[in-house]
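# missing the sequence, but the structure's below:
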DNA sequence: GGGAAACATTTTAGGCTTAAAACAATTTGG
DNA sequence: CCAAATTGTTTTAAGCCTAAAATGTTTCCC
């Protein structure tokens, strides 16, 4: 685990002992701020979805994935895209099939695989919600200039790449 | 709710009808990217905390709040700081008192209020975890330059303010 | 062909989370 | 003073979420 050793200043050949551990307070603050922003916005969106459409955020997110895939997706695909566990998806899908928003069938070519799609009802309801959802997001980010948005996109892309690299280094 | 009407171009007095709805795809993409970054890092931290210290992320977060408050905090304070529901904190505290990490007592001046503190054990364990946690964060954000970090801090501060304003406008 | 490995999903056990209702204590404004 | 509003916490019901084990299916490869 290289992170721990990186945390100590290099030895200065013969003369000097170990330096004080490096200060990572800035990164820590950045992480907390990132988390705050996400939690804030997520909570707001969750509340509006519930009040306005009586739907939960995870259900909305799952339908959003399926809306982009007219031919359906496998549960694994959904799980990877949503970055949640497999078992989580199983439960979500169960409830959405129950409520008539999703259609689920076993793949004809591979009987391990379950393919899910939005039903007509599911798609219609999702589109209705998504249109309003988009205005909420626009409003929540409303004080950012187009330049701010571009710059944030760039820096978050870099952040994502950095985190993925660091995460991958731990699981080879 | 001003967001919905803002989504439509203003009427051009007599001559023109309603324009096409504004395109907020950029903000939507930004939101998804923000969410991806947070989920990615959060999942990584959660897994490392569990593997390395057999502790859950919410427990770590709660202890982190208390570590900054030597005189303890009320449950409400914790709830606000962590941006989670009151009932959630009740349960978390229950388990952490049970495991000996937290001390909880009723305020002497206001019998509604519960004040919680880290125990000696709780503080010691938290400090040990926090030191390592900081290196994980530094590693996850490792590819960002100091300038990137500053710039992200600035833009996320702006984002937070924007979202808070938008959220406040909905609940007066 | 057939056993081992890989894969997709479900199940299990436990914990987290929320919104809303209920309860208890304090503060406020007539 | 005292009823009403407010505040702090807990309870409730339902759903979300994870990690790990279990199950069923397919692929690999000898």
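Good, I have the coordinates. Since we're looking at a predicted model, the values are computed, not measured. Numbers count the residues shown, from 1 in each chain, chains lettered A, B, ... in the order given.

# Let's verify the nearest residue to residue A:71 once chain neighbours are set aside: helix, strand, or coil?
Excluding the flanking residues, the one nearest residue A:71 by C-beta to C-beta, 6 or more residues apart in numbering or on different chains is residue A:117, at 7.5 Å. In this view, the C-beta of every residue, glycine as well, is placed from N, C-alpha and C. Under DSSP: H, G, I helix; E, B strand; the rest coil, residue A:117 falls in the strand class.

# Tell me the residues on chain A that lie near DNA strand C, please.
Proximity of chain A to DNA strand C, by C-beta under 7 Å from any atom of the strand, involves residues A:43, A:46-47, A:50, A:74-77, A:79, A:86-87, A:89-91, A:93, A:110, A:112-115.

# Turn the buried ones among the residues you listed into a named PyMOL selection, would you?
PyMOL command restricting the residues of chain A next to DNA strand C to the buried ones, with burial defined by 16 or more other C-beta atoms under 10 Å in any protein chain shown:
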select buried, chain A and resi 43+74+75+77+79+89+93+114+115
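
# now the helices for chain A?
A:2-6, A:25-53, A:57-67, A:75-82, A:86-98, A:120-140, A:146-170 (DSSP state H).

# does the residue nearest to residue A:71 really touch residue A:97, like I thought?
No: using C-beta atoms under 8 Å, residue A:117 and residue A:97 do not qualify as a contacting pair, with a distance of 10.5 Å.

# Which part of chain A gets nearest to DNA strand C, residue-wise?
At 2.6 Å from DNA strand C, residue A:87 is the closest residue in chain A, using C-beta to the nearest atom of the strand.

# rewinding a little: which one of the helices of chain A lies nearest to residue B:102?
Residue B:102 sits nearest to helix A:25-53 of all these, at 21.3 Å, using C-beta to C-beta.

# and that closest one, which residues are buried?
Buried, per 16+ other C-beta under 10 Å, within helix A:25-53: A:26-28, A:30-31, A:33-38, A:40-45, A:48-49, A:53.

# do stretch A:122-132 as well
Residues of stretch A:122-132 classed as buried: A:122, A:123, A:125, A:126, A:129, A:132 (neighbour count, 16+ other C-beta under 10 Å).

# What of stretch A:62-79?
For stretch A:62-79, by 16+ other C-beta under 10 Å, it's A:62-66, A:69, A:72-75, A:77-79.

# Check stretch A:87-106 too.
Per 16+ other C-beta under 10 Å, stretch A:87-106 contains these buried residues: A:89, A:92, A:93, A:96, A:101, A:102, A:103.

# Now do the fifth one against residue A:90, distance only.
So the one you mean is residue A:101. 16 Å (C-beta to C-beta, to the nearest Å).

# got it, and the fourth one?
The gap separating residue A:96 from residue A:90 is 11 Å, by C-beta to C-beta.

# Quick one, grab the pLDDT at the nearest residue to residue A:88 once chain neighbours are set aside.
Setting aside the residues directly before and after it, residue A:88 is nearest to residue A:79 in space (C-beta to C-beta, 6+ apart), at 7.4 Å. Residue A:79 is assigned a pLDDT of 98 by the prediction.

# Quick check: residue A:79 touching residue A:91?
No: using C-beta under 8 Å, residue A:79 is not in contact with residue A:91, being 11.6 Å away.

# Please name the residues that touch the closest residue in space to residue A:86 that isn't next to it in sequence.
Using C-beta to C-beta, 6+ apart and skipping residues adjacent in sequence, the residue nearest residue A:86 is residue A:79, 5.0 Å away. For residue A:79, the contact set (C-beta atoms under 8 Å, 6 or more residues apart in numbering or on different chains) comprises A:85, A:86, A:88, A:89.

# Present those residues as TSV; the columns should include pLDDT and distance to residue A:147.
Formatted as TSV, the contacts of residue A:79 follow (pLDDT from 0 to 100; distance: C-beta to C-beta, whole Å):
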residue	pLDDT	distance to residue A:147
A:85	97	38
A:86	97	40
A:88	98	37
A:89	98	38
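
# Those residues of chain A touching DNA strand D, which are they?
Contact residues (C-beta under 7 Å from any atom of the strand) of chain A with DNA strand D: A:56-59, A:83-88, A:91-92, A:95, A:110-112.

# Now for those residues: which two are most distant?
The widest separation within the residues of chain A next to DNA strand D, taken as C-beta to C-beta, falls between A:57 and A:111 and amounts to 32.3 Å.

# ok, the two, which is more surrounded?
Ranked by neighbour count (other C-beta atoms under 10 Å in any protein chain shown), residue A:57 and residue A:111 place residue A:57 first, with 15 against 8.

# circling back to that earlier point, out of the buried residues of stretch A:62-79, the closest to chain B would be?
Among those, residue A:64 lies closest to chain B (C-beta to the nearest C-beta), at 9.2 Å.

# any idea which helix or strand of chain A has the worst average confidence?
helix A:2-6 (a mean of 43; mean pLDDT, DSSP states H and E).
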